[in-house]
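**Q** Quick one, fold the following:
(one chain, ligands or ions: 1)
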Amino acid sequence: MLKRHSNSPILRPSDIPGAHPLLVDASSVFNPGAIHFAGKHRMVLRTQSRSRESFMLPAESEDGVKFSVNGKPIVFANMPETPVVSHAYDPRLTIIDGRCYIMFAADLADCCTLGLAVTDDFEKFEFLGFTTGTYADTRNGVLFPEKINGRYLRLERPNIPQDEGNPTSGDIITLSESDDLLDWTHSANVISGRWRYWDERIGAGPPPIKTKHGWLVIYHGVATHFASSNIYQAGAVLLDPDDPSKVLARTRLNILEPRELYELTGQVPNVVFPSGCIPSEIGADGTVPDHATLNIYYGAADTCIGLATATVHEIIDACRTPSGDPGQPLTEVC
Ligand code: BMA
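**A** Below is the predicted model:
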């Protein structure tokens, strides 16, 4: 349902400047955070060197398609030496009160936690802390761009232990609340994975988009029941504008699945992983209008970055039709 941009993939490992010796001939660039900030389209890229170490790089663009990448990895001011973070990755960007916050996954010795950083200019980045809260092991944290009922909100995906040797994952996207963006308390389960279908394991993608119909959340779903490999796909859910724990509609079909060669093959085959979204316009009331185009940036096969688009109207329509959950018996003959 999403349309791939004709320039997709818009960034490949060969686009990473070898400015830093560790990033000469980088192995991958994927799962970017994206935002329009200070007059430009901006991304924070997840990139891996040939040592498979993870780095974040800033990138900027005038048109949202052609990005120039700053080859110097982001060094977060005030980042403590302990606990030791083996990988910091999958940044999600949200503007709150004019500042750009970066929430990212941080692999520690025995769990994954969510780190929080902030920038005002995409040159200096300050680490604010590892967030704490109900879930010690959690990932795919995304901040809402405003307080609701006086509190900050985020979606997150608590990790549950998987089969030994497999990466941690989970099948519930939850809503948490906070007064300071650092300490979070669970407030509700929002959606669960739908076993046997496209979105068995799930996690929020880009931060929620405010529309006049509600909060539009693009998420990833993983089908785990194929023998050869898991398939990472994208879907969407519409949440109540005043109480985002309430689901108004959810796509029964995925809206993007791996089909192009750069999505089917790479470091991890069969992956589209949406993580950034930039609307073509935002109305005076702060909502993204129905006719606005969403640029959706996604990691493809954990190797490069794809761009796909749709209007708000098209994605909300896909949340509503066809209705129901996968597996529901057909009641009409078409
Ligand atoms: C998830 C995360 C993502 C990654 C995806 C596919 O569990 O690790 O960063 O893109 O798997 O490998």
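
**Q** Look at the residue in the chain that the ligand sits nearest to and say how many residues are nearby.
**A** Here the chain gets closest to the ligand at one residue, residue 268, 3.9 Å apart by Cβ to the nearest ligand atom. Yep, even glycine has a C-beta here, placed from its N, CA and C like the rest. For residue 268, the number of neighbouring residues by other Cβ atoms under 10 Å comes to 18.

**Q** Show me what the helix-or-strand element of the chain with minimal mean pLDDT is in contact with.
**A** For the chain, scoring each helix and strand by mean pLDDT, DSSP states H and E identifies strand 132-133 as the least confident one, at a mean of 92. Applying Cβ atoms under 8 Å, 6 or more residues apart in numbering, the contact partners of strand 132-133 are 176, 178, 182-186.

**Q** Out of these, list just those in strands.
**A** The members of the contacts of strand 132-133 that map onto strands under DSSP state E are 176, 178, 183-186.

**Q** Next, count neighbours for residue 87.
**A** Tallying neighbours of residue 87 according to other Cβ under 10 Å, which is how burial is gauged here, yields 17.

**Q** Equivalent analysis for residue 223, please.
**A** Residue 223 - counted by other Cβ under 10 Å - has 21 other residues nearby.

**Q** Residue 36 now?
**A** When neighbours are counted by other Cβ under 10 Å, residue 36 registers 18.

**Q** what's the answer for the one 3 residues further on, then?
**A** Taking other Cβ under 10 Å as the neighbour definition, residue 39 ends up with a count of 8.

**Q** Begin at 423 from now on, thanks
**A** Okay, using 423 as the starting number, the last item reads as residue 461.

**Q** give me the number of residues near the residue nearest to residue 471 when sequence neighbours are not counted?
**A** Leaving aside its chain neighbours, residue 471 sits nearest to residue 444 (4.7 Å; criterion: Cβ to Cβ, 6 or more residues apart in numbering). If you count neighbours by other Cβ under 10 Å, residue 444 ends up with 14.

**Q** Does residue 444 touch residue 475 like I think?
**A** Yes - judged on Cβ atoms under 8 Å, residue 444 makes contact with residue 475 at a distance of 6.7 Å.

**Q** And residue 683, its phi and psi?
**A** Dihedral angles of residue 683 (phi, psi; degrees, to the nearest 10) stand at phi -60, psi -40.
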